[in-house]
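In: Okay, here's the prediction I keep looking at, along with the sequence it came from:
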Amino acid sequence: MHCRSHPMSLGLPTNHRAVPRPSSLSCEVQLATAALGRARRIPAEVAERCRRDALQFDPAHGAGQYVLDALLRQVDRIDSSYKV
């Protein structure tokens, strides 16, 4: 099996000097994905939760600052002596 981004897939020359090794990240991802077998559907509620969770690390949505602030509040309630 070879990648869609591999020169053989693109109809380019395939002699050993013309074909680079398929070591690009996209190729690795394609091969790893193919090794997993058939794709499974992700339930809509799981996809929505993943989207929502990912937003907390988006720079436009605080980039994790809200999470850090919440964790610091929890630590403060347990023992605020770390600030000293």
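Out: Thanks, I have it. Numbering: from 1, shown residues only.
In: Which secondary structure element is home to Arg38?
Out: Using DSSP states H and E, Arg38 falls within no helix or strand.
In: Please tell me how far it sits from Ala47.
Out: 18 Å (CB to CB, to the nearest Å). Quick note: C-beta positions are derived from backbone N, CA and C, even for glycine.
In: who has more neighbours, those two?
Out: Taking neighbours as other CB atoms under 10 Å, Arg38 and Ala47 compare with Ala47 leading, 11 against 4.
In: then the host helix or strand of that one to PDB, C-alphas only?
Out: Using DSSP H and E, the element containing Ala47 is helix 44-55. In PDB, the C-alpha atoms belonging to helix 44-55 read as follows (Å, rounded to 0.1, in the frame of the first residue of the first chain):
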ATOM      1  CA  ALA A  44     -23.300  13.400  17.200                       C
ATOM      2  CA  GLU A  45     -23.300  14.100  21.000                       C
ATOM      3  CA  VAL A  46     -19.700  12.800  21.200                       C
ATOM      4  CA  ALA A  47     -18.600  15.000  18.300                       C
ATOM      5  CA  GLU A  48     -20.300  18.000  19.800                       C
ATOM      6  CA  ARG A  49     -18.600  17.500  23.200                       C
ATOM      7  CA  CYS A  50     -15.200  17.100  21.400                       C
ATOM      8  CA  ARG A  51     -15.800  20.400  19.600                       C
ATOM      9  CA  ARG A  52     -16.800  22.100  22.800                       C
ATOM     10  CA  ASP A  53     -13.800  20.800  24.700                       C
ATOM     11  CA  ALA A  54     -11.400  21.800  21.900                       C
ATOM     12  CA  LEU A  55     -12.700  25.400  21.900                       C
END
